[in-house]
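**Student:** need a structure here:
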Amino acid sequence: MDLGRFPIISILEDMLDVPEEHNEKSRNNPSRAYMRDAKAMAATPADVIEHPNAYAFVVDMPGIKGDEIKVQVENENVLVVSGERKRENKDKESEGVKYVRMERRMGKFMRKFQLPENADLEKISAVCNDGVLKVTVQKLPPPEPKKPKTIQVQVA
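**Tutor:** Numbering: from 1, shown residues only. You can find the predicted model right below:
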C-alpha cells in the first residue's frame, strides 16, 4: 500500500519534519519547501494602496517585533516581506505546561509583491507599529515630455 497518496501522511510528515529524501520516491507532489512557501504566502494577508506619490504595502504582523521582519527587493522589482513567528514559552513545556488549544499560526511567513516600473527602489521605508507593518515605496517622478527639436531651414 502506497501511503504517499493520502494527504494526512503528507501533513504528518510536515509536522514531524521527516527528511524529504525519505519520501520523495513514493510521491509525485511539489516539494515540501515549495508547499511551506505557498502556505506562508497564503497566511500573510496584505493591502496594497496607491497614493499620488507612493505605494504603500500594509501587512498585519501581530506579535512580531520589527527586528524579526525582513524586507528586501529581489530581481530589481520584487518586494519581499518575510520572517518567522516562533512559539512562546517553549521551555515551559518541560515544566509540565502544555497547550490545550493552539490556533495562532506559528512558523515562517512571506509575501512577494511585483513592483511597478515607476517604483523608486532607492526610496523604500518600512515601519512596524502595533503589529502592522507598512512598507512605503516612493514613485519615480514622471518623465518630462520631450520638446520637439527645431531645425533651422537655410535658404540656398
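
**Student:** just for the protein, where's the confidence low?
**Tutor:** 1-43, 88-94 (pLDDT under 70).

**Student:** all strands for it, in order.
**Tutor:** 46-50, 54-60, 69-74, 78-85, 107-114, 119-129, 132-139 (DSSP state E).

**Student:** in TSV: these, plus distance to residue 152 and mean neighbour count.
**Tutor:** Every C-beta, even on glycine, is put in place using the N, C-alpha and C of the backbone. Converted to TSV, the strands of the chain look like this (distance: least, C-beta to C-beta, whole Å; neighbours: other C-beta atoms under 10 Å):
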stretch	distance to residue 152	mean neighbour count
strand 46-50	45	12
strand 54-60	44	17
strand 69-74	47	14
strand 78-85	49	17
strand 107-114	47	16
strand 119-129	39	14
strand 132-139	39	18
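
**Student:** can you put those in JSON lines and add distance to residue 145?
**Tutor:** Shown next, in JSON lines, are the strands of the chain (distance: least, C-beta to C-beta, whole Å):
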{"stretch": "strand 46-50", "distance to residue 145": "22"}
{"stretch": "strand 54-60", "distance to residue 145": "23"}
{"stretch": "strand 69-74", "distance to residue 145": "29"}
{"stretch": "strand 78-85", "distance to residue 145": "29"}
{"stretch": "strand 107-114", "distance to residue 145": "27"}
{"stretch": "strand 119-129", "distance to residue 145": "20"}
{"stretch": "strand 132-139", "distance to residue 145": "17"}
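
**Student:** out of these, which is closest to residue 97?
**Tutor:** Evaluated over the strands of the chain, closeness to residue 97 peaks at strand 78-85, with 19.3 Å, by C-beta to C-beta.

**Student:** relative to the closest one, what are the paired strands and their orientations?
**Tutor:** strand 69-74 (antiparallel), strand 107-114 (antiparallel) (DSSP bridges).
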